[in-house]
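Engineer: What shape does this take:
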Amino acid sequence: MSALDVQDFIQQNRAVAEQVETFRGYWESEKHWAARREFILRNKSDFSPDQQDQLISLSMVWANNVFMGCRYSEELLERVKEMAEGIVVEDAPVFKTRDEIMKKQQGR
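Structural biologist: Sure, this is the predicted structure:
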């Protein structure tokens, strides 16, 4: 589902779109929210209404990893990356671990 597909989906499914909009955090920029909303819409059909909180949590894990560099278990990151496959985030920040920075400084 590309960004254009997301817009088409939203226009054709106003009730779902309005429900998904309620999941936006006040701190999320438009860029951050657009990516997380796409994550939610892409995966919504794979979760029952009872599992909705789990989907929202997974979307936050993915967004936190992409936009803030938060680290999680390998298993969890693998799962959310599979769920986000194909979502394009332009100008996503690049984060380096402390170990990568130290290794670079020691090589000087």
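
Engineer: Can you find the helix or strand of the protein with the lowest average pLDDT?
Structural biologist: helix 3-12 (a mean of 65; mean pLDDT, DSSP states H and E).

Engineer: residue boundaries of the helices in the chain?
Structural biologist: For the chain, the helices defined by DSSP state H occupy 3-12, 14-21, 30-43, 52-63, 74-83, 98-106.

Engineer: Can you give me the buried ones in the fifth one?
Structural biologist: If I follow you right, that is helix 74-83. By 16 or more other Cβ atoms under 10 Å, the buried positions in helix 74-83 come out as 80, 83. The way it works is simple: take the backbone N, C-alpha and C, and place the C-beta from them, glycine included.

Engineer: Kindly export it (C-alpha atoms) in CSV.
Structural biologist: C-alpha atoms of helix 74-83 as CSV (Å, rounded to 0.1, in the frame of the first residue of the first chain):
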residue,chain,number,x,y,z
GLU,A,74,15.5,-8.9,17.7
GLU,A,75,12.4,-11.0,17.5
LEU,A,76,10.1,-8.0,18.0
LEU,A,77,12.0,-5.8,15.5
GLU,A,78,11.9,-8.6,12.9
ARG,A,79,8.2,-8.8,13.3
VAL,A,80,7.4,-5.1,12.9
LYS,A,81,9.9,-4.8,10.0
GLU,A,82,8.0,-7.6,8.2
MET,A,83,4.7,-5.8,8.9
